[in-house]
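A.B. asks: Attaching a predicted model along with its sequence, questions to come.
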Amino acid sequence: MKPITFSAPIKIYYKPLQNSRILWPILDIGLSYKGTSLSRSVHALVDSGANISILHPQAASYLGFDIKKLGASKPGGISVSGNYKSWVLPEAVNVEIYGYKFSFNFTVIDNPNLIWACILGEDSIFSVAKIDFQKFKGFFEIRFREDLN
Amino acid sequence: MKNNQKSQALNINGITSGWVLVTKDNKRVLAHAKTLKQLIRNIELKGNPEGSISIVPPANFTSYVG
């Protein structure tokens, strides 16, 4: 297998969410789809425990996806708190992370109370970058694959 | 090692739900709205300040497991 080279590490400090002292591995990412983009970056949770990547229903709608046209949400998702229903977006969404551009597939969880605009799981950020979590130091480091960008 | 982020709760008095635009250092709220769509409008009305979009978790939020 051809060896993969990586970018220089980018150090990112864990951040709290509003009204909470819990510190999270969060990336500021840009989201766009077919000419529509969020005008500002979005806090995205880096979640190695998620095998898929998630968009909040409002974020998907803003980008132009008509959730109603996708029909009823489908069962089959399992989380630690139980089962969930979701929609799989029919096309990939463009994601920009620290100047690196990708196209990722997303699932929209049928839960308007989701506290994340975006969750990046194993099928997105973990497929394009090497991530070194150092919670004990308060930061994580990300190195992007150089064979993709 | 110094950890500037340690034990810093982002304090947004009176805001307990909805969407916010926070400063890049995650210390101040620049815009707030009930929905993402309205937040984008509010950001434009405020002259498009730089920041990141986030969701305000419930006030009784103590832990999270995905």
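C.D. replies: Thanks, I have the structure now.

A.B. asks: Return, as residue ranges, the portions of chain A with sub-threshold pLDDT.
C.D. replies: Applying pLDDT under 70 to chain A flags no residue at all.

A.B. asks: Please tell me how far the closest residue to chain B within it sits from A:Ile131.
C.D. replies: When scored by Cβ to the nearest Cβ, chain A has A:Gly138 as its residue closest to chain B, at 3.6 Å. Quick note: C-beta positions are derived from backbone N, CA and C, even for glycine. Applying Cβ to Cβ, to the nearest Å, the value for A:Gly138 to A:Ile131 is 15 Å.

A.B. asks: Which residue lies nearest the spatial centre of chain A?
C.D. replies: Geometric centre of chain A, nearest residue: A:Leu120, 2.5 Å, by Cα atoms, centre = their mean.

A.B. asks: wait, what's in contact with that residue?
C.D. replies: A:Leu27, A:Ile29, A:Ala44, A:Leu45, A:Val46, A:Asp47, A:Ala50, A:Ser53, A:Phe104, A:Phe126 (Cβ atoms under 8 Å, 6 or more residues apart in numbering or on different chains).

A.B. asks: can you map out the helices along chain B?
C.D. replies: B:36-45 (DSSP state H).

A.B. asks: again, but for chain A
C.D. replies: So, for chain A - with DSSP H - the helices run A:57-62, A:125-128.

A.B. asks: got the CA positions of the longest one in PDB?
C.D. replies: The one in question is helix A:57-62. Extracted in PDB, the C-alpha atoms of helix A:57-62 (Å, rounded to 0.1, in the frame of the first residue of the first chain):
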ATOM      1  CA  PRO A  57     -32.600  19.300  10.100                       C
ATOM      2  CA  GLN A  58     -32.500  23.100  10.000                       C
ATOM      3  CA  ALA A  59     -29.000  23.100   8.500                       C
ATOM      4  CA  ALA A  60     -30.100  20.600   5.800                       C
ATOM      5  CA  SER A  61     -33.100  22.700   5.000                       C
ATOM      6  CA  TYR A  62     -31.200  25.900   4.800                       C
END
